[in-house]
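[1] sequence below, structure please.
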Amino acid sequence: MGEDQAISHTVGVTGATGALGGRVAARLARSGATQRLIVRDINRAPELPGAAAAMAAYEDTDTFTRAVKGTDTLFLVSAAESPERVRQHIGAVDAAVAAGVTRIVYLSFLAAGPAATFTFARDHFYTEAHIRSTGVAYTFLRPSLYLDLVPHWADERGVIRGPAGQGSIAWVSRDDIADVAAAVLAEAPAHDGRVYDVTGPEAVTLGQTTEKLSALTGRAVRYVPETWQEALASRRSSGAPEWAVEGWASSYAAIASGELSTVSSTVPDVAGHPAQSIEGYLRKHPSALAHVHG
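    As a prediction, the model looks like this:
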């Protein structure tokens, strides 16, 4: 998106204190957008040119309605994973529509579906279905798993464990997702009714991923396959609730199933530049594996 491209309407941006929403808000500010930053903690709202902040949570529909009133386009970042996430999304969508929002750009997930292997992707399917049912204009962005988080999948010994088998995935950087989102918001009507898979430039297995991580950082990183039951057992030791344990393990299982092997051209087509590779990311973040001690 060109930095001199002005946006005449008011964009509501949720998640502006987070890693993805914050990136989008910063890009819109550089383009001259008028924004309403909808945040849970007003004290953490970024100070950006052309932006005002309003405090609201998805589950507080009355407050959320007041927060988005006066905006015509809403960038809806998905809520944190929880058993209540779909209900929260539906409440936020209904509140936005009641407030007069006419367009929603929703941050969904690759291969969202009612029977998706990745259990959290099912939430995105039901949210998308509800947005469609409201009759407002929409664009769904379906990114793959975040490239930025891949280094943190490795423990301090450099081991990534999970039931991913030989499935492949096109990891995508949050910067690329934010560039796509900002471009869509800037050119909103041109993207109405579109569903964009947002991925990196190539699909690789976890074994190939760890080989790249090792070669580019000098840290010894390797992938150790697990069965589904082994994956659940290893994650239950964290004390997390069962829905979270299954969600974490199922992200690997979705790789194994082939559901995340998609490679799309959305980043170059919409954002206007090549998608970031693992190599490109590590050149920009050479200390990404500093926690690995071998």
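[2] okay, now the sheet partners of whichever strand or helix holds Arg142, with direction.
    Assigned by DSSP states H and E, Arg142 belongs to strand 137-143. With DSSP bridges as the test, strand 137-143 is paired with strand 103-107 (parallel), strand 194-198 (parallel).
[3] give me the buried positions along the last one.
    Spelled out, that is strand 194-198. The neighbour-count check on strand 194-198 (16 or more other C-beta atoms under 10 Å) flags Tyr196, Asp197, Val198 as buried. Heads up, the C-betas are built off the backbone N, CA and C, glycines and all.
[4] pairing partners for the helix or strand that it is followed by, with directions?
    Going down the chain from strand 194-198, the next helix or strand is strand 204-205, by DSSP H and E. Applying DSSP bridges to the sheet, strand 204-205 is found paired with strand 168-169 (antiparallel).
[5] so how far is the next helix or strand after the partner strand from its chain's centroid?
    Counting by DSSP H and E, the next helix or strand C-terminal to strand 168-169 is helix 174-186. In terms of C-alpha atoms, centre = their mean, to the nearest Å, the gap separating the centre of helix 174-186 from the centre of its chain is 11 Å.
[6] next one: stretch 165-178
    10 Å.
[7] again, but for stretch 21-38
    Distance, centroid of stretch 21-38 to centroid of chain: 16 Å (C-alpha atoms, centre = their mean).
[8] before we move on, what about stretch 226-246?
    With C-alpha atoms, centre = their mean, you get 23 Å for stretch 226-246.
[9] what about Asp72, distance to Ala183?
    18 Å (C-beta to C-beta, to the nearest Å).
[10] for this protein, which segments are assigned as strands?
    For the chain, the strands defined by DSSP state E occupy 10-14, 34-39, 51-55, 73-77, 103-107, 137-143, 159-162, 168-169, 194-198, 204-205, 222-225.
[11] got the angle between the fourth one and strand 10-14?
    By that I understand strand 73-77. Compare the direction of strand 73-77 with that of strand 10-14 by axes from the mean of the first three to the mean of the last three C-alpha atoms, to 10 degrees and you get 10 degrees.
[12] ok so, going back, the more surrounded of Asp72 and Ala183?
    Taking neighbours as other C-beta atoms under 10 Å, Asp72 and Ala183 compare with Ala183 leading, 23 against 16.
[13] and that one, how far is that from Gln276?
    Separation of Ala183 from Gln276 (C-beta to C-beta): 16 Å.
[14] now swap in Thr134 and tell me
    For Thr134, the distance to Gln276 - C-beta to C-beta - is 34 Å.
[15] more neighbours, those two?
    Shown here are Thr134 and Gln276; by other C-beta under 10 Å, Gln276 has more neighbours (23 against 16).
[16] just give the nearest non-adjacent residue to the more buried one, would you?
    Ser173 (4.3 Å; C-beta to C-beta, 6 or more residues apart in numbering).
[17] count of neighbours near that neighbour?
    24.
[18] next: Val39.
    If you count neighbours by other C-beta under 10 Å, Val39 ends up with 24.
[19] Ala52 too?
    With other C-beta under 10 Å as criterion, Ala52 counts 12.
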